[in-house]
Each structure stands twice: as C-alpha cells, then as structure tokens.
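> make a model of this:
(one chain, ligands or ions: 1)
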Amino acid sequence: MSEQFENLVVPGPTITAVSKPFWDAVARKEFILQKCADCGKWVFYPRGICPHCWSNRLEWTPATGNARLKTWGIVHRPGHSAWLEVTPYVLGVVELEEGPTMLTHLLLDPDQGLQIGLPLQVSYTNCNDVWLPFFKRKSE
Ligand SMILES: [Zn+2]
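Numbering: from 1, shown residues only. Model (predicted):
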C-alpha cells in the first residue's frame with residue numbers, strides 16, 4: 001500500500017533545529033519522542049520546553065511506535081494538488097502508546113470499518129525521498 005507514495009512529489013516536512021532529531025530517526029526507521037527528565041512525561045510535537053512542567057530537560061527517547069486511532073477524516077480533495085493521485089486517503093489523529101497525540105497519514109482503507117481505538121503501528125513510508133511516519137493497522 002505504501003509503494004504508491006514513492007514517486008509522489010509533494011511538499012516535505014519543515015524540519016527545524018528542534019525537530020531534526022525526530023526526522024533523522026524516522027529516516028533510520030526509528031521512532032523517538034521527547035521525554036521530560038524532570039516530570040517523566042512524553043512530549044510530541046518536538047519543542048524546547050516541557051509543556052507539563054516547563055523544564056528544558058527534554059531528552060530524545062526510543063518509543064514503541066504503537067498507537068490507537070482517536071479520530072480521522074477521509075480526504076477526497078487534498079489541500080495540495082500533489083496528493084490528488086492517492087485520493088481518497090485517510091488522515092487521522094492517533095494516540096501514541098506513550099500518551100501524546102499525533103496528526104498523521106493512515107495507511108488504511110477508508111471503506112474498511114475504521115473505528116476509534118483501532119490498534120495501529122508506525123509504518124515508515126518513503127515519499128519522494130523523504131521518510132514519513134505514517135501509521136497502519138497493527139499486525140497481530
Ligand atoms: Zn516536564
């Protein structure tokens with residue numbers, strides 16, 4: 001299912017100094033998140049200060065890449081025309097096993113009984129030479 005994205009020329013992520021470790025890890029097919037060394041909470045999206053306790057001691061830490069479907073939408077008319085050839089596709093918010101939520105592309109068939117709580121796992125997808133952390137149905 002993810003092969004259809006390889007030659008898709010779409011705008012890539014905007015990588016900043018703060019988010020670069022995340023994107024570098026995704027390119028290595030590793031899923032890491034920031035974890036606060038003071039309060040112990042996980043943080044996503046990447047940032048400089050913990051949103052829970054305002055500590056600046058956020059440390060990149062290996063995460064499971066497991067999640068559950070929280071909500072989704074089926075895209076028929078994408079915001080950027082480059083995505084048109086893979087429509088319809090599913091975008092959703094997933095709740096990562098570590099707690100934070102993440103907006104992502106879901107490698108799910110829009111017609112196949114999507115439901116809140118569906119177990120998912122990260123699926124590293126090459127999209128025009130950029131690796132993106134999409135999510136797919138968790139394999140048993
Ligand atoms: Zn904290």
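
> tell me where this protein has strands.
32-36, 42-43, 58-62, 66-75, 89-96, 101-107, 119-127, 130-137 (DSSP state E).

> what's the spacing between the residue nearest to Val122 when sequence neighbours are not counted and His52?
In space, and not counting its chain neighbours, Val122 is closest to Gly65: 3.6 Å by Cβ to Cβ, 6 or more residues apart in numbering. Just so you know, the C-beta spots here come from the backbone N, C-alpha and C atoms, and that holds for glycine as well. As for Gly65, its distance to His52 is 22 Å (criterion: Cβ to Cβ, to the nearest Å).

> which of those two has more residues huddled nearby?
Gly65 (21 against 13; other Cβ atoms under 10 Å).

> hang on, the more buried one packs against Tyr124?
No - using Cβ atoms under 8 Å, Gly65 makes no contact with Tyr124, being 9.1 Å away.

> what do those two both touch?
Here Gly65 and Tyr124 share the contacting residues Pro133, scored by Cβ atoms under 8 Å, 6 or more residues apart in numbering.

> per-residue confidence at Glu140?
If you check Glu140, the pLDDT there is 69.

> Ser2 too?
For Ser2, pLDDT reads 63.

> how about the one 10 residues further on?
For Gly12, the pLDDT comes out at 86.

> number of nearby residues for it?
12.

> beta-bridge partners for the nearest residue to it once chain neighbours are set aside, please?
Of all residues not flanking Gly12 in the chain, Val130 sits nearest, at 4.5 Å (Cβ to Cβ, 6+ apart). Note on Val130: beta-bridge partners by DSSP bridges are Cys127.

> okay then, goodbye and thanks.
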